[in-house]
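In: kindly generate the corresponding structure for this input.
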Amino acid sequence: MFQYIHVSNCLLVMTDQYRRGLDVELSGVGLASAGDPELRVLSNIAWAIRRSILWILGIAFAGGVFAYLLTYASDTKYTSSAKVMIETRVQTETQFTPQVSGLPLSLTSLESELQLLRSTDLIESVVDRLDLQSDPEFSGDSSGFSLSPIAMARGLKNAIVGAFSSSDDAADGSDGQTAEERQREATIEKLLTSRQIEQVGDTSAVYQIRVTSESPRKAANIANGLAREYLSVLTRMKRDDLEQSQQWLATRIGQIREDLNVLSSNLEAHSIETPYTPDEYATIKAQRIKAEKRSQLASDALYALQEQTNTINLLRDSGKTQEAFDFALSAGLLQSAGGTAEENTAALDAIIKASEQQMDRLNTQLASLNLSINTFKEQQVRQVQHDSITKRIENEILVAEAIYRDFVSQLGRRAEQGDYLDAGAHIIEAARVSVDPSEPRRSQTALGVMVAIVFGGIVWTVMHELFQKRLRTTYELESTTGIKLTAIIPEVKNEPPFETFFTNSGRLDPELLHYGRRLLASSDIGLRTLRHDGEPPVAQTNDLFSKNFDAGSGQRTPSGNCMIFSGASAVPDEGKTSTLLLIGTVCAQAGFRTLIIDCDTVTSTYRDLSQLTVDALKKASARPMVLMDNIVGTPQEGLDILPLVGAQDNETQSRLAEDFLCSPAFLNLLRELSDSYEVILLDTPPLLQSVESAYFSQLSQRVILLTRWNSTNKNEVLQAMRELENAGVRPSALVATRVDMKSVRQYGDPILG
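Out: I've put the predicted structure just below:
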């Protein structure tokens, strides 16, 4: 029998080790769960929208109904529209000036006309013509309101500007404008917001003028007034241009007339200064031609004579006197041939001398001829220059006369045209009195409010989801703590577990007990083999208990049959006390002698059960066993409670309790209690509010980290983990407490859901 039990225990240990190995391989103990963080963020956003969509739609529907009902209290307005078309046909009549005839329009010109229709001066003229300054609707005396988003935004802007500018106006005094002028400006501003100018189509030359007013007839009158004023402005602009062009033509005609008189005088004066008559110019031209011919003949004779003389000198210098004589004879320079060498030489000398004399005469003649030719050229140039100036003056007179005649004819036509100018645009559709109101648009307003609320709600939900820090899913809990989620404890709203336990004979909610048993059966708790093998305490706990703090008491280290747990939480109200009470109840029901020690000096729930006094705490520092008399039984058999924290208003007792819990006497008390109980649960204070919490965790063999579902802040848990890490303690189990089982399904967590 004993061998069978031993084998069974071995199988249980092996199974437990195998499951731990699977946990490490599949999800990782103490590691963050796998998965793409970006996909998880998108999934969380989708689930957040899914959770909030019904609320968003409900609020949107309520807002739409409210907006629909509110439209009955707003002003009823009517809209009338007139259409104006710009003339686009090109007129081919050349007797009219181009600026008053139709021209092909471009996108730039269409946009320019649109800006002209939207000009403030046009509005100002209509205000004066229709006397809108005295109309309460446009002068600012109307007390109604509009639900139009643009009107509401404009009203809010005006209110803000008025609030900030009122003090400045009071400090600066009058701004130089009278009340009438300010009212006039307010009227123009109100009419600017009440009218709309739109181009019909993208490239058409038709514009629609829409005016909204409380009176349908007033809206039609203002729209027609704006259209007529636009045509009047076009006509006035053309008439102004025509008058300016007439003034310019009259001025230019006078200038041209004066220029013609000056040119005529210059022509007459220049004609008198003619240097030569036509006969004289013909004689000069003939003499120049004759002199040029004579100069050419003299140049040819001089060239021939120079060539002959050079040839004779060259032959004589070469010693060829006879050949030189023969050349002179063949050239006709000598009349007879024959004679002695001396005679031939003398003849050649005579020929050369005569040639040189002839060349001197020819040079003199050429110089005289060239001088005469230059004189004739200068005379001709003078005559040509005189003729060109005369021609230029005559041409200028012709051009000025042509311009003069054209300007005079244009001035005459424009003088007749002034009373028949066309505006270049036409009213193709006059505004009519509207029968149906245009504002408020009840259905559109309600639908717009609903869409805006839905859009704003979705945006708020997405932003809230992105920036929230509460731990709600398995991934968030495990990635923040680095610990595998061991179990969850549901929230019992109708019957709080702690109060119900002491008033209902130790009975707890069946669902709560179910999850408590699942937590107890977890391998991270390690109670399944406690009675058989007794898992030894951790090394650090063993070292603490091995010290003999009171040598006279003969105390020893605890036996291996007691398991000490501590429940740790980052902040109060995490469900720590209720969870430890649930664990203690389940342990007692499983047959384990269980003791809960209240060590929570910050938020103790067992203060009412405590019978400790100041004297008892003072004695406990020397004899801790006296506190065993304060152990309180519970309705659950096998579960006891030792409240070590007294009344909260007794500062002396609270200080003594804190000192005792951190003293060696408390270790001696735990050592003695471990002989009487198999499970000891330490209810510790929050880690972020008490420095003793990490110390109590060091005394435990198992640390259970408790986090409240959808409430605990991520940063608080990280700070609590840092406190445990600094103490050299790593939690053995992670428990999500107070889980709303209905709401947890809406977070897309298959483990919690």
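
In: quick one: the helices in the stretch 551-700 of the chain?
Out: 576-589, 614-620, 651-661, 664-676, 692-698 (DSSP state H, counting those that start in this stretch).

In: identify all contacting residues around the third one.
Out: It refers to helix 651-661. Residues from elsewhere that reach helix 651-661, judged by Cβ atoms under 8 Å, 6 or more residues apart in numbering: 599, 601, 612-614, 617-618, 620-621, 624, 644-648, 666, 692, 696. Where you see a C-beta, it was placed from the backbone N, CA and C, and this is true even at glycine.

In: cutoff 6 Å now
Out: 599, 601, 614, 617, 620, 644-646, 666 (Cβ atoms under 6 Å, 6 or more residues apart in numbering).

In: repeat that for the last one.
Out: Under the contact criterion Cβ under 6 Å, 6+ apart, helix 692-698 has outside partners 540, 566, 568, 599, 662, 682, 684-685, 687, 703, 723, 727, 729.

In: for residue 118, what are phi and psi?
Out: Main-chain torsions, residue 118, degrees, to the nearest 10: phi -90, psi 0.

In: repeat for residue 649
Out: Phi and psi for residue 649, reported as degrees, to the nearest 10, are phi -80, psi 0.

In: picking up where we left off before, just the helices of the stretch 551-700 of the chain: most buried one?
Out: helix 576-589 (a mean of 25; mean count of other Cβ atoms under 10 Å).

In: only the buried subset of the contacts of helix 692-698, as a PyMOL command please.
Out: Buried members of those, defined by 16 or more other Cβ atoms under 10 Å, are picked up in PyMOL with:
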select buried, resi 540+566+568+599+682+684+685+687+703+723+727+729
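
In: quick revisit: what is the nearest of the contacts of helix 651-661 to residue 219?
Out: residue 601 (78.0 Å; Cβ to Cβ).

In: show me what contacts that closest one?
Out: Per Cβ under 6 Å, 6+ apart, neighbours of residue 601: 645, 658, 685.

In: if we use 7 Å, what do you get?
Out: 645, 654, 657-658, 685, 690, 692 (Cβ atoms under 7 Å, 6 or more residues apart in numbering).

In: can you list the helices of the stretch 551-700 of the chain in a markdown table and add mean pLDDT?
Out: Below are the helices of the stretch 551-700 of the chain laid out as a markdown table (pLDDT from 0 to 100):
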| stretch | mean pLDDT |
| --- | --- |
| helix 576-589 | 92 |
| helix 614-620 | 82 |
| helix 651-661 | 84 |
| helix 664-676 | 90 |
| helix 692-698 | 89 |
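
In: wait, which of those helices is closest to residue 743?
Out: So among the helices of the stretch 551-700 of the chain, helix 576-589 is nearest, using Cβ to Cβ, at 18.8 Å.

In: extract the C-alpha trace of the closest one and format it as PDB.
Out: Output of helix 576-589 as PDB, limited to C-alpha atoms (Å, rounded to 0.1, in the frame of the first residue of the first chain):
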ATOM      1  CA  LYS A 576      -7.000  40.800  -2.300                       C
ATOM      2  CA  THR A 577      -8.700  40.100   1.000                       C
ATOM      3  CA  SER A 578     -11.700  38.400  -0.600                       C
ATOM      4  CA  THR A 579      -9.500  36.300  -2.800                       C
ATOM      5  CA  LEU A 580      -7.300  35.100   0.100                       C
ATOM      6  CA  LEU A 581     -10.500  34.300   2.100                       C
ATOM      7  CA  LEU A 582     -11.800  32.300  -0.900                       C
ATOM      8  CA  ILE A 583      -8.400  30.500  -1.100                       C
ATOM      9  CA  GLY A 584      -8.600  29.800   2.600                       C
ATOM     10  CA  THR A 585     -12.100  28.500   2.400                       C
ATOM     11  CA  VAL A 586     -11.300  26.200  -0.600                       C
ATOM     12  CA  CYS A 587      -8.200  24.900   1.300                       C
ATOM     13  CA  ALA A 588     -10.300  24.200   4.400                       C
ATOM     14  CA  GLN A 589     -12.900  22.500   2.400                       C
END
